[in-house]
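**Q** how does the following fold in three dimensions:
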Amino acid sequence: MAAALLLPLQLVSLASASHHYGGTVTYSYKGRNPDGSFRVDFRNRATYDGCQYSHSWSCYNNDCGYVTNQQRGTIDRSTNAPQSNRQWCETETVQQRKVTTDKPFQMRASSCCWTKTRNSVSGWRLLTQVDLGTRSDTGKPNRSPDIAILPFLRVPQNCPRTYKLMSFDPDGDTVRCRYGNIRNIECSGCNQPSGFVLDQGSCSLHYRNAIANPSVFGFELVVEDFPQRPISLSYTDGTQSYKAPLIPMRRKRALNHTYPTTTSASFRTATPNKIQWWWNHNPTPAPFRTATPNRIQWWWNHNPTPAPTTTEVPTPWWWNHNPTPAPTTTEVPTPCAKHNPMVVASSCNFSNNHD
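**A** Okay, here's the model as predicted:
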C-alpha cells in the first residue's frame, strides 16, 4: 500500500518542457457497484509553472479498470516561483475508476522534465500501487496512506531545521517515507539531495546545510504503510496474501561525528577544518610561547588566559573551566538568513507494499 511523492524543495511537474515542480497521488475505496465491481477514486495533485498542465496516468501493471468520471480544479497559484516564468500553479484531479477485481494493480505517470534542479533530476516518475484486499484486522478493504505537503518549501540557507511531512494512514498502519531507489520506476536518476537527512520513521526532512542557489532540490519519495501486526488480505477470487509489520532497522552509533557549518558566509573569520567537540577532545600540554592557532575559538574548546610563562599548564576540560570574560569586540555569528532562501520541490509515490 504505497504512494508516490515528488517534492521539489521545489515541486516537479509533468510535460515535455522543463516546468514540472512535483506532485502526489493517493487512492480511496468508494464501495461496490451492483455488478460486483469496485469504485476507486484517485486524487492527484500536480504543480507546474502554469495551470494548463496536468499529469497523464496509465495502467502500469495488472487490471486497472477504466475511468468513469474525472474532475480537475486549481488549488493555488502564485507568481513567487524562484525561476522560469516566476509562476507556479497547483491543480488537483479527482479520477473515478471502475475496477473489476480487488487484486493489486499499479498506475503510473511519467514524463520530462523537472524545472532546473540542483541535484540533476530531469525526468519524473509517479507510481501508485493499489491493493483492495479485505483486511483480517479491520474486515474492510485496504486503504492508501496519505501525506500532506506544500507545493514549495523555502529553506533559509544557514538555518538548520526540520520539516515534518504530515503522514497518516486510515487503517492505523505504520507509515514510512523513504527515497525512491528503483531507477525509472520509483525515481528518475535517484539522486538524493545533499545537505538533507530523511527520517523514514517520522517522515521528517532535516535540513543541515547547503549553499544558497535559486534552483530547486528535487525529492523523489515513496510513502509506504505497514500493519501493526501480521495480517492477511482476502480477495474475491478466493486467494489471500499475507502482510508483515515493518522490522525496525538498527542504527549504528556514529562516534567522533562532526557537522559542517551551514554556510561559509555565517562568519567573517576563517573557518577551522573541523569543530573540536568536548567528547572527543584530547588536550595536549601546549607551551604558552607558541603562537595561537588561526581558527575560531568556541566556548567548548576555549583556552583561558595563559598562566605565567614559566609554567606550562595543560588545556583544562569544560567541567572545571573558568574562562576569562570575552572582550566586548567579539564578533557574533550572523543569525539565520532572511534572504536568498533555497526552494525544495517533491514528488511522492504511495504504495501498499508492506509485505
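**Q** so what's P170 up against?
**A** 143, 146 (C-beta atoms under 8 Å, 6 or more residues apart in numbering). The way it works is simple: take the backbone N, C-alpha and C, and place the C-beta from them, glycine included.
**Q** if we use 6 Å, what do you get?
**A** R143 (C-beta atoms under 6 Å, 6 or more residues apart in numbering).
**Q** equivalent analysis for I147, please.
**A** Per C-beta under 6 Å, 6+ apart, neighbours of I147: 165, 167, 223.
**Q** could you report the neighbour count for the closest residue to the first one other than its chain neighbours?
**A** Across the structure, with C-beta to C-beta, 6 or more residues apart in numbering as the measure, the residue nearest L165 apart from its sequence neighbours is C203 (4.3 Å). Around C203 sit 23 other residues, with neighbours defined as other C-beta atoms under 10 Å.
**Q** these two touch, right, K98 and D63?
**A** No. Using C-beta atoms under 6 Å, K98 is not in contact with D63, being 10.9 Å away.
**Q** can you give me the neighbour number for K164?
**A** 11.
**Q** circling back to that earlier point, compare K98 and D63 (neighbour count), which wins?
**A** K98 (15 against 12).
**Q** quick one on the thing from earlier: give me every residue that touches the residue nearest to L165.
**A** 165, 167, 177.
**Q** related to what we said a few turns ago, ok, and the most crowded of the contacts of I147?
**A** V223 (28 neighbours).
**Q** show me where pLDDT drops low in this structure?
**A** 1-18, 81-85, 151-152, 249-355 (pLDDT under 70).
**Q** please repeat the previous calculation with a cut-off of 80.
**A** Along the chain, segments meeting pLDDT under 80 span 1-19, 79-86, 120, 122, 148-158, 189, 191, 212-215, 248-355.
**Q** hang on, the earlier thing: out of the contacts of C203, name the ones that lie in strands.
**A** Cross-referencing the contacts of C203 against strands under DSSP state E gives 167, 177.
**Q** now the contacts of C203 in JSON lines, with distance to D49?
**A** Shown next, in JSON lines, are the contacts of C203 (distance: C-beta to C-beta, whole Å):
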{"residue": "L165", "distance to D49": "23"}
{"residue": "S167", "distance to D49": "28"}
{"residue": "C177", "distance to D49": "26"}
